[in-house]
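sequence and predicted structure below; questions after.
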Amino acid sequence: MPGGYPFLGHALHLRSQLLEFVRSLRTRGDVVAFRLGPRDAYAVNHPDLIRQVLVTDAMSFLKGRVFEKGRLVARSGLFTSEGDFHLRQRRIIQPLFRRAHIQQYAATMRQITQAHVGAWRDGQEVRMDRELFDLALSTVTRVLFSTQLGEGRSEAACRSLPVLLEGLGRRAVAPIDLLDKLPTVMNYRFGRALSLMQSMIEGITAEYRACGTDTVDLLAALLAARDEDTGEGMSDEQVYDDVVTMLIAGTETTAGALSWACFLLSRHPHIQRRLQDELDEHLGDREVAFEDLGKLGFLQQVMAETLRLHPSTWMLVRRPVTDIELGGHLLPAGSTVLFSIYALQRDPTLYPHPDEFDPDRWATECAAQIHRDAYIPFGAGVRGCAGEQFAHAEMAVILAVMLRQYTLSPASGPPARLPSRSSGSSPCPAPCH
């Protein structure tokens, strides 16, 4: 692909013009070769080929550079682990997100949301990204630990998570690893944020262990979980790694998706009113329960369309362990294979009017026409998000509780915008009231 710089290749494009760059790659073919510093890289654009990478030939690929960098934070958690170890961890963790468990968590989600939004007032201007980050943090913490973080720890998590995710995103596209070690302000902030996160998780886990594990929450379930094949449990280090992974995934990604949902609904009042009508008609005077979520069809459509436009992960990276043929191209072992979920889900050949917010494209008769692999906001295959159903339930409960009490409208201030740089974290939509 033309337009690269000597030695750096297209790394600067990917770093400073992320979304524009990955969308431009889709116009150049199903597989597009380019350079990231000294490394060969390939952008995979066709949904069938993306499925080959994620599902059919998944064992022929490692997770790639972004996940290698992720081990700085999540170490050997489910997000970053590989091979047989990853499969073992997934076998242990996946049962924790079955329907019966999520049904229990949903009641906690509702209670925390009601308490949080109950403090708002009609006409109040609310910075939704911050409010929803705090709400998601409170929710995942209660589900993990059956308790709330102390104020100091909560502030540490709020400061640490965005810095860590931005730092990981920058490291993933850096042309050389040496940049990670330079005494820059960003590297200093990353190191401090990592220290704060480790201290917070180690402290609350130690306190939890001192109190026993006879509570119904995710940490207790992790400590009690056993591999169905071997009967072995998880080491203390592995429990820590997966707690960190769940805390990050359950806070930052959920808050980002909910922020965008609120932004979109506030600017499409007819869609918001239709959703509120569905909630009123189905629930009446009842509080929302887990059993209601699958029956709220338009709510599910709104969430699907939000995640199509604004997936929590802009792109995924893989690295083939051997030379592999993909779409008529021979990809050498060790090369970087990249595909953008964001660009895939806004491809005009797959979605009419792809940049429009249209929940009706997920009505049954319309959704059946969408390519089965053109919508993967949580990934796919054995490395797809193990907590996908948990995230869906959390989003649905929070939106249902919020929209039964309030109508969102745009507030003053700068409009929301998509990030121009790779950051790994969700952008911040404008406030609502």
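Alright, I've got the coordinates. Note that the structure is a prediction, hence the values are computed from the model and not measured.

sketch out the low-pLDDT regions of the stretch 51-200 of the chain for me.
64-82, 147-158, 168-182 (pLDDT under 70).

show me the helices in it, by range?
Remark: helices assigned in the stretch 51-200 of the chain by DSSP state H, counting those that start in this stretch are 65-74, 83-93, 99-117, 128-145, 151-173, 185-211.

report the next helix or strand after the longest one in sequence order.
From helix 185-211 onward toward the C-terminus, using DSSP states H and E, the following helix or strand is helix 218-224.

mind listing what's buried in that following helix?
218, 219, 220, 221, 222 (16 or more other C-beta atoms under 10 Å). C-beta: built from backbone N, CA, C; applies to glycine.

coming back round to it: and the helices of the stretch 51-200 of the chain, which is most packed in?
helix 128-145 (a mean of 22; mean count of other C-beta atoms under 10 Å).

restrict it to CA atoms and write it as PDB.
Below are the C-alpha coordinates for helix 128-145, written out as PDB (Å, rounded to 0.1, in the frame of the first residue of the first chain):
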ATOM      1  CA  MET A 128     -22.900  10.800  31.000                       C
ATOM      2  CA  ASP A 129     -19.500   9.300  30.200                       C
ATOM      3  CA  ARG A 130     -18.400  10.000  33.800                       C
ATOM      4  CA  GLU A 131     -21.600   9.000  35.400                       C
ATOM      5  CA  LEU A 132     -21.800   5.800  33.500                       C
ATOM      6  CA  PHE A 133     -18.200   4.900  34.200                       C
ATOM      7  CA  ASP A 134     -18.900   5.300  37.900                       C
ATOM      8  CA  LEU A 135     -22.100   3.300  37.600                       C
ATOM      9  CA  ALA A 136     -20.400   0.500  35.600                       C
ATOM     10  CA  LEU A 137     -17.500   0.400  38.100                       C
ATOM     11  CA  SER A 138     -19.900   0.200  41.000                       C
ATOM     12  CA  THR A 139     -21.900  -2.600  39.300                       C
ATOM     13  CA  VAL A 140     -18.900  -4.800  38.300                       C
ATOM     14  CA  THR A 141     -17.300  -4.300  41.700                       C
ATOM     15  CA  ARG A 142     -20.500  -5.400  43.500                       C
ATOM     16  CA  VAL A 143     -20.800  -8.400  41.200                       C
ATOM     17  CA  LEU A 144     -17.200  -9.300  41.700                       C
ATOM     18  CA  PHE A 145     -16.800  -8.700  45.400                       C
END
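
and that helix, how far out from the chain middle?
14 Å (C-alpha atoms, centre = their mean, to the nearest Å).

burial of residue 317, as a residue count?
21 (other C-beta atoms under 10 Å).

isn't it right up against residue 63?
Yes. Applying C-beta atoms under 8 Å, one finds residue 317 in contact with residue 63, separated by 7.2 Å.

ok, residue 103 - contacts?
290, 291 (C-beta atoms under 8 Å, 6 or more residues apart in numbering).

ok, it to residue 42 distance?
To residue 42, residue 103 is 43 Å away according to C-beta to C-beta, to the nearest Å.

do the same with residue 377
22 Å.

and for residue 347?
Using C-beta to C-beta, residue 347 is found at 18 Å from residue 42.

residue 112 now?
Where residue 42 is concerned, residue 112 sits at a distance of 43 Å (C-beta to C-beta).

before we move on, what about residue 166?
With C-beta to C-beta as the criterion, residue 166 and residue 42 are 25 Å apart.

equivalent analysis for residue 390, please.
33 Å.

quick one: buried residues of stretch 49-59?
49, 50, 51, 52, 53, 54, 57, 58.

quick one: that stretch to chain centroid distance?
20 Å.

one more: stretch 321-335?
When C-alpha coordinates are averaged (C-alpha atoms, centre = their mean), stretch 321-335 and its chain have centres 28 Å apart.

for stretch 231-251, same thing?
The answer for stretch 231-251 is 17 Å, by C-alpha atoms, centre = their mean.

now that stretch: mean pLDDT?
On average, the pLDDT along stretch 231-251 is 80.

buried set for it?
Buried residues in stretch 231-251 (16+ other C-beta under 10 Å): 234, 238-251.

isn't residue 313 right up against residue 380?
No. Judged on C-beta under 8 Å, residue 313 makes no contact with residue 380 at a distance of 12.0 Å.

wait, is residue 338 part of a strand?
Yes. Residue 338 sits within a strand when classified using DSSP: H, G, I helix; E, B strand; the rest coil.

and it, what are its bridge partners?
residue 43, residue 317 (DSSP bridges).

how much space between it and residue 328?
For residue 338, the distance to residue 328 - C-beta to C-beta - is 18 Å.

more neighbours: these two, which one.
Taking neighbours as other C-beta under 10 Å, residue 338 and residue 328 compare with residue 338 leading, 25 against 9.
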